[in-house]
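J.: Build me a structure from this.
(2 chains)
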Amino acid sequence: MSQFFTQYFNFDVMREHFGEVLVGFLQNLLVFAVAALLALTWGLVLALLRQLPGKKLMPIRFVTIAYIDFFRAVPILIIILMISGGVPFLSFLPQEVRIPHWFGRPDPFWYGVAALVIVYGAFTAEVYRAGIEAVPKGQMEAARSLGMSHFQAMRHVVVPQGVTKIPAPMLNELISLLKDTTLISVIALSESVLVSREVLSERLNSSSLTLTAIFFVIIILPLARVVDKLIARQQLKITRGSHIEVA
Amino acid sequence: MRKTRLTAFFAVLLLALASVVVIGCGGGSNSTTGGGSETSAGGGGEPLTVGSDIPYPPFEQGKSGSYTGFDIELMEAIGEKIGRTAEFQDTSFETIFRDVGQGKFEAVISAATITPEREKEVAFSDPYYLSEQAILVKEGSEIGGLDELEGKTVAAQQGTTGLELGKEKANAGELRPYPEGPDAINALKAGTVEAVIIDQPVAQNAVEEEGGVEIAESVPTEESYGIAVAKDNTELLKEINKGLAEVIEDGSYKTIYNKWFHKEPPKQFLG
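T.: Purely as a prediction, here's the structure:
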């Protein structure tokens, strides 16, 4: 049992490498912030493309659905490795796209962000779709009968109502996005897991990984609670008078 | 009708899952009981489980079941001398010493440098290889060696001497630890890093087999590779040292060395 504690809870190892692991973890948060912003936008674009009306736009809907299905099925690790191992060799692309160093971040950072946005765009698109489809059809019909175009109706009537229904599932996607930022360690971005593994090989002790796990728990647990509160408030607003207890 | 179809679908799914489990377990027990395809020819006797981080050409390479390379062939030769059949397990380098210490496998041969820190955790055999680090760069690169890496983006493999050397001497702008050596070399070829610090023979192998890269400088490190066993396993250590001495004595070390490095081994390894 004491072996268990020395292996996973060696506080000396944690203390000595706290700074390094924290710097690595900030790297995770930065990847998350950039990727989340882009994925939420990209997902909305995909969801809207999927809802385009009429026969003529069928090919666009088809391609969008194919994209969403494909990237929900493929493991992110594969996408990360394919981008990192392939894009730099595509000589028809300009140098700053093949090996991006935008905003002073190294190329593995951007390869990782790209992979996460491509995949999580597909996941968030499905969440947006659930929200949009939960808005009664009458809303769209009423807006159209007032003379709004499909896009205007989406923009002013359907999407604003739709997004109020999805904070919980969307947060679940974001939490899983935050956790998946650790996958970028395979292409040598110095984020928390890579730093911890480096410590592990140096000290032959897993406590640095425990420390990283603790960082993630500290960030993610309150996030989940905040959303519970948001849902409760939202429910109060739309259920008018009735009160729903949310733990 | 609908319901029966659904039932049939799940039945087939379950059957498929079950067969995967059965096949998977079958394969697993095969390799642990020995006599599977993992075992090498000759030797006989009780199998000797050996951990190695594969690939790391030319030391270890090939697919599961037909691993080869300098380390692999040397270990097989030693195994033959001591009457044990070497059985290799691909594993991750960063945890390899902890795992051998805890008995996941009995020995480690993985181009592992003998260092004081590692000797705290495991016991090493006599040296079986003298190591040099190489600064690998793209063909035509301006980088001439270790002294010229300042401010550059440099790659190495996680947990290796090359990474240590980079940390201590290179003063690089960015030092990237890749999980596997070939990843680092691939990053060099892709142009995302400007140099790789890696074991000399690995660099040599990359130059010969893949091209497009060259060795800017070979850095002697006064380090040597050893075979690691658990600290309390002195009996096996003795056996391995005896086997290694015999392999050097009868010239099979030289044959294996020539085969993989295309040159003569240093004096102390000539029988």
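
J.: what's the following helix or strand after the helix or strand containing residue A:138?
T.: Assigned by DSSP states H and E, residue A:138 belongs to helix A:137-145. Using DSSP H and E, the next helix or strand after helix A:137-145 towards the C-terminus is helix A:150-153.

J.: helices and strands around that following helix, which ones?
T.: Applying 3 or more CB pairs under 8 Å, 6 or more residues apart in numbering or on different chains; DSSP states H and E, we find helix A:150-153 packed against helix A:137-145. Where you see a C-beta, it was placed from the backbone N, CA and C, and this is true even at glycine.

J.: Show me what counts as buried in the helix it packs on.
T.: For helix A:137-145, a neighbour-count test (16 or more other CB atoms under 10 Å in any protein chain shown) marks A:140, A:143 as buried.

J.: Next, find the distance separating the spatially most central residue of chain A from residue B:144.
T.: Among the residues of chain A, the one closest to the centroid is residue A:177, at 3.5 Å (CA atoms, centre = their mean). Distance, residue A:177 to residue B:144, using CB to CB, to the nearest Å: 43 Å.

J.: Then residue A:35?
T.: Applying CB to CB, the value for residue A:35 to residue B:144 is 39 Å.

J.: and these two? which has more neighbours close in?
T.: Set residue A:35 next to residue B:144 and count neighbours by other CB atoms under 10 Å in any protein chain shown: residue A:35 wins out with 27 against 12.

J.: Spit out the contact partners of that one.
T.: The contact partners of residue A:35, taken as CB atoms under 8 Å, 6 or more residues apart in numbering or on different chains, are A:112, A:113, A:116, A:117, A:120, A:177, A:181.

J.: Wasn't the first one part of a strand?
T.: No: residue state for residue A:112 (DSSP: H, G, I helix; E, B strand; the rest coil) corresponds to helix; a strand is not indicated.

J.: ok, back up a step: what residues does the residue nearest to the centre of chain A make contact with?
T.: Shown in contact with residue A:177 (CB under 8 Å, 6+ apart): A:32, A:35, A:36, A:39, A:116, A:120.

J.: quick one on the thing from earlier: most neighbours among the contacts of residue A:35, which one?
T.: Highest neighbour count within the contacts of residue A:35, by other CB under 10 Å: residue A:112, with 31 neighbours.

J.: Now that one. Nearest residue, chain neighbours left out?
T.: For residue A:112, ignoring the flanking residues on the chain, the nearest one in space by CB to CB, 6 or more residues apart in numbering or on different chains is residue A:184 at 3.4 Å.

J.: State the number of residues packed around the one you found.
T.: With other CB under 10 Å as criterion, residue A:184 counts 28.

J.: That one against residue A:191, yeah?
T.: Yes: in this structure, residue A:184 is within contact of residue A:191 by CB atoms under 8 Å, at 6.0 Å.

J.: who touches both of these two?
T.: Going by CB under 8 Å, 6+ apart, residues that sit against residue A:184 and also against residue A:191 are residue A:31.

J.: In the stretch 151-271 of chain B, where is pLDDT below threshold?
T.: Along the stretch 151-271 of chain B, no part satisfies pLDDT under 70.

J.: Residues of it that sit close to chain A?
T.: B:153, B:155, B:158-159, B:174, B:176-179, B:183-184, B:186-187, B:190-192 (CB under 8 Å from any CB of the partner chain).

J.: what does stretch B:253-264 contact?
T.: Contacts of stretch B:253-264 (CB under 8 Å, 6+ apart): B:58-59, B:69-70, B:73-74, B:77, B:128, B:201, B:204, B:244, B:247-248, B:265, B:269-271.

J.: Buried among the residues you listed? Need that as a selection in PyMOL.
T.: Only the buried entries of the contacts of stretch B:253-264 go into this PyMOL selection, using 16+ other CB under 10 Å:
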select buried, chain B and resi 58+59+69+70+73+74+77+128+201+204+244+247+248+265+269
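
J.: What's opposite residue B:215 in the beta bridge?
T.: Residue B:215 has the following beta-bridge partners by DSSP bridges: residue B:136.

J.: how far away is it from residue B:140?
T.: 13 Å.

J.: Who has more neighbours out of those two?
T.: Set side by side, residue B:215 and residue B:140 show more neighbours around residue B:215, with 16 against 7, by other CB under 10 Å.

J.: Flag every residue of chain A that's near chain B.
T.: Residues of chain A lying near chain B (CB under 8 Å from any CB): A:84-85, A:88-89, A:98-99, A:106-108, A:185-188, A:190, A:194, A:197-198, A:200-202, A:204.

J.: So residue B:244 is in contact with residue B:126, correct?
T.: Yes: because the distance of 6.0 Å satisfies CB under 8 Å, residue B:244 is recorded as touching residue B:126.

J.: Tell me the helices and strands packed up against the helix holding residue A:138.
T.: Helix A:137-145 packs on helix A:150-153, going by 3+ CB pairs under 8 Å, 6+ apart.

J.: what about the helix it packs on, average pLDDT?
T.: Mean pLDDT, computed over helix A:150-153, is 93.

J.: I'd like the C-alpha coordinates of the helix or strand just after that helix written as CSV, please.
T.: As assigned by DSSP H and E, the chain's next helix or strand after helix A:150-153 is helix A:159-163. Extracted C-alpha coordinates of helix A:159-163, given in CSV (Å, rounded to 0.1, in the frame of the first residue of the first chain):
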residue,chain,number,x,y,z
VAL,A,159,-30.9,30.0,-33.3
PRO,A,160,-31.4,32.4,-30.4
GLN,A,161,-34.1,30.1,-29.0
GLY,A,162,-32.2,27.0,-29.9
VAL,A,163,-28.9,27.9,-28.1
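
J.: Could you pull out the buried residues of the next helix or strand after helix A:159-163?
T.: For helix A:159-163, the following helix or strand on the C-terminal side (DSSP H and E) is helix A:167-180. Residues of helix A:167-180 classed as buried under the neighbour-count rule (16+ other CB under 10 Å) are A:167, A:169, A:170, A:171, A:173, A:174, A:175, A:177, A:178, A:180.

J.: same question, stretch B:116-136
T.: Those would be B:118, B:122-136, for stretch B:116-136 by 16+ other CB under 10 Å.

J.: Stretch A:25-39 too?
T.: Residues of stretch A:25-39 classed as buried by neighbour count (16+ other CB under 10 Å): A:25, A:27, A:28, A:31, A:32, A:34, A:35, A:36, A:38, A:39.

J.: Residue A:16: which of the residues you listed is nearest?
T.: residue A:25 (16.0 Å; CB to CB).

J.: contacts for the helix holding residue A:138?
T.: A:150, A:152, A:153, A:156, A:157, A:158, A:161.

J.: Please parse chain B into its domains.
T.: Using automatic domain parsing, the domain parsing of chain B gives B:42-128+B:226-269, B:132-222.

J.: can you give me the helices for chain A?
T.: Ranges of helices in chain A, per DSSP state H, are A:2-8, A:11-16, A:18-50, A:58-73, A:76-86, A:95-98, A:107-134, A:137-145, A:150-153, A:159-163, A:167-180, A:192-203, A:207-239.

J.: again but with the stretch 51-200 of chain B, I slipped
T.: In the stretch 51-200 of chain B, the segments counted as helices under DSSP state H, counting those that start in this stretch are B:70-82, B:96-101, B:116-121, B:161-165, B:181-190, B:200-209.

J.: thinking residue B:200 is in contact with residue B:130, fair?
T.: No: in this structure residue B:200 lies outside contact range of residue B:130 using CB under 8 Å: 9.8 Å.

J.: Could you check how far residue B:167 is from residue B:211?
T.: Distance, residue B:167 to residue B:211, by CB to CB: 29 Å.
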